[in-house]
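A.B. asks: My questions concern the predicted model and sequence given below.
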Amino acid sequence: MKSLRARLFISFTALLAAALMMFGVIVWLVAREAMTNDMDDFLRGKAMLLARLMPAERLRVEPWMEQDLQVQERQFGVQVFDVHGTPGGKSSTLTIEVPLTDKVRRSEHPAGGVILETLVIGGKNYRIATHPRRDRWGEPVVMYAQAVISFDALQARQARLLAWLVSCGTAMLAAGAAASWYLSRQWLRSVASLEEAARGISSSELGLRRLFVPSDDAELAALANAFNHLLDRLEAAYKTQQRFTADASHELRTPLTVLRGEIEVALRRPRSAEEYREVLVSNKEEIERLSRLTENMLALAHVDVGDAITQRELVNVSELCAGVTARLQNLAVERQITLHHEDTTAEPLSVNADRIAVERVMTNLVENAVRYSPGGESVTVRICKSPPWIAIQVIDTGGGIAPEHLPHLFERFYRVDKARSRANGGSGLGLSIVKALVEAHGGGVSVTSEVGHGSTFTVRLPAA
């Protein structure tokens with residue numbers, strides 16, 4: 001595969017060669033036509049001048065006529081014919097016999113005119129201009145004056161022009177190719193410096209180093225800025241991944257440590273069946289915590305790769321929320337929480353969504369509200385229409401959330417009260433999953449809270 005520099009050089013050189021060739025062909029065609037017209041005008045003028053200089057009674061080309069006509073300097077010949085077409089005198093420069101053609105004899109121009117012809121004589125091409133002279137308008141022809149020139153002179157001039165065009169075009173092509181090679185090298189040198197700088201940025205330096213943005217090169221500046229923005233996104237993603245990995249390791253290590261410790265304690269000495277049962281029950285709780293954590297991490301992995309939504313269908317939000325509320329009633333009773341469902345409109349409210357994903361969103365929100373509200377409080381699931389959205393609110397009358405925690409609630413593994421959350425089996429991923437699934441449907445989620453007065457989580461989904 002050719003390098004970018006080689007491709008630029010070849011492309012520019014090919015374009016320059018094509019442009020020079022087109023220009024040369026146009027110049028050649030125009031110049032050749034101009035040379036031919038100049039030669040015809042020259043012969044026409046010389047034939048008419050010879051006819052004016054030549055007396056009709058004595059058809060002889062005198063030396064002074066040759067001097068006036070400049071036959072030696074211009075390397076052409078002249079001759080005259082009488083009215084019957086018999087050759088008369090000719091110049092010393094004309095060494096061939098040029099006939100008077102029938103086309104000239106049949107000329108009926110009232111003023112004589114000039115007839116231009118091309119004849120092959122002795123294997124060479126000659127251009128001939130013949131002027132049938134009439135003394136007055138419309139009178140009979142009294143003589144024929146003729147000017148003759150070989151095409152060799154014209155071809156020599158055309159050959160010189162062609163040589164100039166080829167040599168100048170070749171020189172310009174060579175100069176343009178050298179300039180393109182130099183300029184591409186200079187331009188790619190800046191790209192190479194950017195490449196070298198990019199290679200020198202390691203994962204540990206993502207937050208410290210950025211590419212230099214040149215002020216005198218708009219294209220390279222745009223490239224450097226785009227790469228720096230990419231580095232910013234990579235830095236954010238890298239930090240998120242590091243934090244996620246550290247948090248996930250910590251969350252996984254805690255239940256595993258508990259499991260290992262309880263099993264080791266149980267195996268130190270023989271125990272009764274009841275004691276073994278207590279160890280197994282405790283282990284079961286830790287395994288369930290591990291299972292929930294694994295499911296949540298798997299759900300986030302599906303969100304990250306873009307397949308969180310598997311199938312869209314028309315979902316009745318009121319029915320779905322009523323089902324979630326009914327399913328969590330036992331948990332609410334266990335926690336001494338009043339849980340109820342409320343519709344603000346009688347019309348059915350539907351969204352075009354993945355039913356399982358929306359059900360998971362509502363289950364996470366309602367379960368969080370029930371688990372983290374003190375006994376005797378209430379949790380309300382309220383559905384209302386706010387065109388073009390359908391809004392679902394989960395309202396609790398618990399202790400509320402401090403303002404400093406609100407901006408971080410939807411971050412992965414973030415917990416307001418780490419000890420209390422872990423005791424309730426929480427991993428800090430529920431709200432992250434809620435946010436990711438809602439945004440995957442084109443909606444949004446927000447929270448408002450006041451310490452001592454409860455919190456309200458609002459999910460907005462596009463109405464069907």
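C.D. replies: Yep, it's here.
A.B. asks: And the helices in the stretch 151-300 of the chain?
C.D. replies: Counting by DSSP state H, counting those that start in this stretch, the stretch 151-300 of the chain has these helices, from start to end: 151-199, 218-267, 273-304.
A.B. asks: Any chance of TSV for those, columns distance to residue 27, mean neighbour count and mean pLDDT?
C.D. replies: Any C-beta I mention is one placed from the backbone N, CA and C, and that applies to glycine too. Below are the helices of the stretch 151-300 of the chain laid out as TSV (distance: least, CB to CB, whole Å; neighbours: other CB atoms under 10 Å; pLDDT from 0 to 100):
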stretch	distance to residue 27	mean neighbour count	mean pLDDT
helix 151-199	6	14	81
helix 218-267	35	14	72
helix 273-304	64	14	77
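A.B. asks: The helix or strand containing residue 146: how far from the chain's middle?
C.D. replies: Using DSSP states H and E, residue 146 falls within strand 141-150. Chain-centre distance of strand 141-150: 70 Å, with CA atoms, centre = their mean, to the nearest Å.
A.B. asks: And it, what does it pack against?
C.D. replies: If you count contacts as 3 or more CB pairs under 8 Å, 6 or more residues apart in numbering; DSSP states H and E, strand 141-150 packs onto helix 4-53, strand 77-82, strand 124-134.
A.B. asks: Now distance to residue 457 too, for the helices of the stretch 151-300 of the chain, in JSON lines please.
C.D. replies: Formatted as JSON lines, the helices of the stretch 151-300 of the chain follow (distance: least, CB to CB, whole Å):
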{"stretch": "helix 151-199", "distance to residue 457": "43"}
{"stretch": "helix 218-267", "distance to residue 457": "22"}
{"stretch": "helix 273-304", "distance to residue 457": "18"}
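A.B. asks: out of the ones you listed, nearest to residue 396?
C.D. replies: With CB to CB as the measure, helix 273-304 is the member of these nearest residue 396 (21.3 Å).
A.B. asks: tell me how far the closest one is from the chain's mean position?
C.D. replies: For helix 273-304, the distance to the chain centre is 49 Å (CA atoms, centre = their mean).
A.B. asks: could you point out which element follows that helix?
C.D. replies: Immediately after helix 273-304, counting by DSSP H and E, sits strand 313-316.
A.B. asks: which residues are contacting that following strand?
C.D. replies: Defining contact as CB atoms under 8 Å, 6 or more residues apart in numbering, one finds that strand 313-316 is touched by 348, 349, 350, 351, 352, 353, 354, 355, 358, 464.
A.B. asks: now stretch 159-173
C.D. replies: Residues from elsewhere that reach stretch 159-173 (CB under 8 Å, 6+ apart): 13, 16, 17, 20, 21, 23, 24, 27, 28, 31, 32, 35.
A.B. asks: what do you get if the cut-off is 7 Å, keeping everything else the same?
C.D. replies: Stretch 159-173 has contacts (CB atoms under 7 Å, 6 or more residues apart in numbering) with 16, 17, 20, 24, 27, 28, 31.
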